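Trainee: Structure of the sequence below:
(2 chains)
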Amino acid sequence: MTYLADVAALTRKDLRVELRARDTLPAMLLFVLSTLAVFHFALPEGTGDDAAYGLLWVAIVFTALLGLARAWVPEHEHGVLDGLVLAPCDRSAIWLGKTLATLAFLLAAQAVALPAFVLFFAPLDGTALAGVLLADIGICAVGSLMAALAAAGRARELLLPLLFLPLAIPLVVGGVGAAISPDGSQYLLLLALYDGIFAVLSWASFEYVVTES
Amino acid sequence: MGLAVLFAFFVAPEDADQGVSQRIFYIHVPIALTAYFCFGLGAWKALLLLWRGGERYDLESYVAIHQGTIFGSLTLITGSIWAKASWGVWWNWDSNQLVLFLTLFLFYCAYFMLRFSLPEGPRRERSSAVYALFGVALIPVSFFAIRLAEDFIHPVAFKRTGPDMEGTMFAAFCVSWAAVTLLAYVLYRVELVGKRLDSDLRELREALE
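Mentor: Sure thing, here's the model as predicted:
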């Protein structure tokens, strides 16, 4: 049970740091609201609701990227990541803690963004919301790993979108499909499949990303 | 080896009863298959690197993915030429294979961005290997996703001619495929030797200083 205790401790740490510093979450909130406002002008008169759902997903992905870009920054700033790697915990717990914390931030941002979307554009039904939830898991799982890969190098802010966006394509397909299609369940299945495969892959390979030998 | 490539060009014109644009099929499809194979090989070497360790797997994985990306660019270019000739457009979002290939191609282009942002060493080897493995995992998921996406992108307006081929066409295709695979293999070996020489030379230079 110490594995779960480690994960809980790491997640609590990230949440506490964010609550005290209050820099990432307000930025994500403001970004997603501003983006929705821009989309109002980006959509020409008379386009259907479907285009709005597509743009919602663009907004979600880019808001997540904003949050993910800053995900590993605290760890790199003061050599905390080295300390965590040296600590007697399973390295994948570091990834899981970070993923859960990022998920919390993304959900918090969406708690504001989704009602705003419904207000500005179009309604969201249960399938669409389930799609958002499942896709969030996938985004945070893969995004945490990609952010760790990118953070090690030189051009971190440039690199993360490049690494992440091709992997986000199935998530966008699943999310938009869940919102638009009359039979959303197959898209939810796709999202669940994606989450299963990539969460396990990220969980298993995080160790190789942060250690050197 | 050059003979094999030339042979592919001479065998293809034998099937003169097709439209001219069909000929590019003999080059385009083998190149596409080879690109997929190279990415798969790169991911396999990456897995070996993580599993067994050993520096040579890193270089082999990198060179395989490099070849895959080169052949991937050629696939997209030859495919666009074929598309313009037979469909009238350079690109078409309706086709699953195209979108899947584009996604994979973009993914592996980002591989190089990742690799060259990191300083040389075990960190770079492992990060590149992990990323290469993600690419291979992306293939089935993307395939499924893009197939589902057909429902709401828009319905297909035309049908592609099926790949059932009669005798001489099939023979020409096989010769062409063998030729392109050989070409890829030769390029792979040449580049691998070159990169190894590079790194040996660098080590010698550092040892002498």
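
Trainee: How many neighbouring residues does A:Ala64 have?
Mentor: When neighbours are counted by other C-beta atoms under 10 Å in any protein chain shown, A:Ala64 registers 26. In this view, the C-beta of every residue, glycine as well, is placed from N, C-alpha and C.

Trainee: So for the helix or strand harbouring it, what gets flagged as buried?
Mentor: Secondary structure from DSSP states H and E places A:Ala64 in helix A:49-69. Buried residues in helix A:49-69, defined by neighbour count with 16 or more other C-beta atoms under 10 Å in any protein chain shown: A:51-57, A:59-69.

Trainee: average pLDDT for the following helix or strand past that helix?
Mentor: For helix A:49-69, the following helix or strand on the C-terminal side (DSSP H and E) is helix A:73-77. For helix A:73-77, mean pLDDT rounds to 80.

Trainee: Just give me the neighbour total for the residue of chain B found nearest chain A.
Mentor: Taking C-beta to the nearest C-beta, chain A has its nearest neighbour within chain B at B:Ser117, 3.2 Å off. Here the number of neighbours of B:Ser117 (other C-beta under 10 Å) works out to 19.

Trainee: so it makes contact with A:Glu157?
Mentor: No. Using C-beta atoms under 8 Å, B:Ser117 makes no contact with A:Glu157, being 11.2 Å away.

Trainee: Can I get stretch A:23-30 as CSV, trimmed to CA atoms?
Mentor: Output of stretch A:23-30 as CSV, limited to C-alpha atoms (Å, rounded to 0.1, in the frame of the first residue of the first chain):
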residue,chain,number,x,y,z
ASP,A,23,-0.5,30.6,-11.4
THR,A,24,-1.4,27.7,-13.7
LEU,A,25,-5.0,27.2,-12.9
PRO,A,26,-6.2,30.8,-13.3
ALA,A,27,-4.2,31.0,-16.6
MET,A,28,-5.9,27.9,-17.9
LEU,A,29,-9.4,29.2,-16.9
LEU,A,30,-8.8,32.6,-18.6
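
Trainee: what helix or strand does the closest residue to A:Leu55 other than its chain neighbours sit in?
Mentor: With sequence-adjacent residues excluded and distances taken as C-beta to C-beta, 6 or more residues apart in numbering or on different chains, A:Leu55 is closest to A:Phe39, at 4.5 Å. Mapping A:Phe39 onto the secondary structure by DSSP H and E places it in helix A:24-42.

Trainee: how distant is that helix from the center of its chain?
Mentor: Distance of helix A:24-42 from its chain centroid, counting by C-alpha atoms, centre = their mean, to the nearest Å, is 16 Å.

Trainee: Could you list the contact residues of chain A toward chain B?
Mentor: A:50, A:142, A:145, A:149-150, A:152-156, A:158-159, A:162-163, A:165-167, A:169-170, A:173-174, A:176-177, A:180-181, A:186-187, A:190, A:193-194, A:197-198, A:201, A:205, A:208-209, A:211-213 (C-beta under 8 Å from any C-beta of the partner chain).

Trainee: Can I have the buried ones of those residues as a ChimeraX selection?
Mentor: Provided next is the ChimeraX selection string for whichever of the residues of chain A next to chain B are buried by 16+ other C-beta under 10 Å:
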select /A:142,145,149,150,152,153,156,159,162,163,165,166,167,169,170,173,174,176,177,180,181,186,187,190,193,194,197,198,201,205,208,209
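
Trainee: now, which of the residues of chain A next to chain B lie within helices?
Mentor: Counting by DSSP state H, the part of the residues of chain A next to chain B found in helices is A:50, A:142, A:145, A:149-150, A:156, A:158-159, A:162-163, A:165-167, A:169-170, A:173-174, A:176-177, A:180, A:186-187, A:190, A:193-194, A:197-198, A:201, A:205, A:208-209.

Trainee: so how far is whatever helix or strand A:Ala147 lives in from its chain's centroid?
Mentor: Using DSSP H and E, A:Ala147 sits in helix A:126-151. With C-alpha atoms, centre = their mean as the basis, helix A:126-151 stands 4 Å off its chain's centre.

Trainee: Tell me what angle it forms with helix A:156-180.
Mentor: Interaxial angle of helix A:126-151 relative to helix A:156-180 (axes from the mean of the first three to the mean of the last three C-alpha atoms, to 10 degrees): 170 degrees.

Trainee: Show me what the lengthiest helix in chain B is packed up against.
Mentor: Using DSSP H, we find that the single longest helix of chain B is helix B:167-208. Judged by 3 or more C-beta pairs under 8 Å, 6 or more residues apart in numbering or on different chains; DSSP states H and E, helix B:167-208 is in contact with helix B:2-11, helix B:25-52, helix B:55-86.

Trainee: so it versus helix B:55-86, what angle?
Mentor: Angle of helix B:167-208 versus helix B:55-86, following the same axes, to 10 degrees, is 140 degrees.

Trainee: Contact partners for the closest residue to chain B within chain A?
Mentor: Chain B sits closest to A:Gly153 of chain A, with a gap of 3.2 Å, by C-beta to the nearest C-beta. Neighbour list for A:Gly153: A:159, B:114, B:117-118 [criterion: C-beta atoms under 8 Å, 6 or more residues apart in numbering or on different chains].

Trainee: And those residues, which is closest to A:Ala108?
Mentor: Closest approach between the contacts of A:Gly153 and A:Ala108, by C-beta to C-beta: A:Leu159, at 25.8 Å.

Trainee: Next up, the contacts around that closest one.
Mentor: Taking C-beta under 8 Å, 6+ apart as the test, what A:Leu159 contacts is A:149-150, A:153, B:110, B:113-114, B:117.

Trainee: any weak-confidence spans in chain A?
Mentor: Across chain A, the ranges flagged by pLDDT under 70 are A:1, A:213.

Trainee: let me fix that: chain B
Mentor: Ranges of chain B meeting pLDDT under 70: B:1-24, B:94, B:150-172.

Trainee: Quick one: name the residues of it near chain A.
Mentor: Within chain B, the positions near chain A by C-beta under 8 Å from any C-beta are B:50, B:103-104, B:106-107, B:109-110, B:113-114, B:117-118, B:121-123, B:126-127, B:129-131, B:133-134, B:137-138, B:141-142, B:144-146, B:148-149, B:151-152.
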